[in-house]
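# build me a model:
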Amino acid sequence: MGLVGLMAIFHGHAHGAEMPENAGGLVYGLGFMVGTALLHLAGIGIGFAIGRLGDRLGAVWVRAAGAAVCASGVALVLGAL
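Down below sits the predicted model:
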């Protein structure tokens with residue numbers, strides 16, 4: 001957890017360093033918080049949907065969804081997406 005916290009500090013600093021000079025800090029920070037909350041809610045919703053799909057159609061579908069997420073991550077790292 002300590003390592004994650006340390007990386008979060010550097011990640012936050014990177015976003016702060018990218019802030020345009022004419023942007024207000026409060027509005028800029030609120031935008032990041034709202035964006036992060038929406039991304040988390042979308043992820044939670046997709047996770048619940050995959051879980052329900054697995055309940056109806058079996059664990060193979062859950063594994064297939066995991067494989068698709070893994071393949072997407074690899075494609076992002078390789079620059080294909």
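
# CA only for contacts and neighbour counts going forward, please
OK.

# next secondary structure after the lengthiest helix in the chain?
What stands out as the longest helix in the chain, according to DSSP state H, is helix 25-57. Using DSSP states H and E, the helix or strand that directly follows helix 25-57 along the chain is helix 59-78.

# how far does that following helix sit from the chain's center?
Offset of helix 59-78 from its chain centre (CA atoms, centre = their mean, to the nearest Å): 14 Å.

# centre-most residue in the protein?
When the chain is reduced to its mean C-alpha position, the nearest residue by CA atoms, centre = their mean turns out to be L39, at 5.8 Å.

# by contact count, what packs against the longest helix of the chain?
Helices and strands touching helix 25-57, as assessed by 3 or more CA pairs under 8 Å, 6 or more residues apart in numbering; DSSP states H and E, comprise helix 59-78.

# now the helix it packs on: average pLDDT?
For helix 59-78, the mean per-residue pLDDT is 94.

# list the buried ones in it?
Within helix 59-78, the residues that qualify as buried are W61, V62, A65, counting by 16 or more other CA atoms under 10 Å.

# from memory the last one sits against I50, does it?
Yes - between A65 and I50 a contact is recorded at 7.3 Å, counting by CA atoms under 8 Å.
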